[in-house]
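In: no sequence on this one, just coordinates:
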């Protein structure tokens, strides 16, 4: 079992090369939310796209419109991950992360204020053996 869970920007090189690179972004667009970001290419930038693990569009929008602080955003995203609707999916994904090496991808350069860090920590809470490595 791997036990390593990487996180990094989707704009970085695909490292480690043996990991499955999974986009957890709600959309692959430029900041306007409409125009496709041509830098993001399936098979090159990521191997899989799991939108269910992305924050809901309304939550992302509220944060970018400064209607939520980062702390409030983090709480609401965790609340989303723990809803009856999505929690089974998250639990199953956490188990998957113990069986293969996964890299979670989002557009932010740093994981500090990015939902991929929150997701990684939630996966680790479910599967404590996971070691998170932010790239």
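Out: Sure, I can see it. None of these values were measured; they are calculated from a predicted model.
In: Start and end of stretch 18-25, how far apart?
Out: With CA to CA, to the nearest Å as the measure, stretch 18-25 spans 21 Å from end to end.
In: hey, which helix or strand in this protein has the poorest pLDDT?
Out: Across the helices and strands of the chain, mean pLDDT, DSSP states H and E gives its lowest value to helix 57-64, namely a mean of 91.
In: what's whichever helix or strand comes after it packed up against?
Out: Using DSSP states H and E, the next helix or strand after helix 57-64 towards the C-terminus is helix 70-81. Using 3 or more CB pairs under 8 Å, 6 or more residues apart in numbering; DSSP states H and E as the contact test, the elements touching helix 70-81 are helix 57-64, helix 84-99, helix 115-126. Heads up, the C-betas are built off the backbone N, CA and C, glycines and all.
In: most tightly surrounded among those helices?
Out: When the helices and strands packed on helix 70-81 are scored by mean count of other CB atoms under 10 Å, the highest mean neighbour count falls to helix 115-126 (a mean of 21).
In: what's the angle between that one and helix 70-81?
Out: If you take axes from the mean of the first three to the mean of the last three CA atoms, to 10 degrees, helix 115-126 sits at 50 degrees to helix 70-81.
In: What is helix 115-126 packed up against?
Out: Short answer (3+ CB pairs under 8 Å, 6+ apart): helix 115-126 packs on strand 4-9, helix 70-81, helix 84-99, strand 102-106, strand 131-134.
In: State the distance from the closest residue to residue 74 other than its chain neighbours to residue 20.
Out: Nearest residue to residue 74, sequence neighbours excluded (CB to CB, 6 or more residues apart in numbering): residue 118, at 5.6 Å. With the distance defined as CB to CB, to the nearest Å, residue 118 ends up 20 Å from residue 20.
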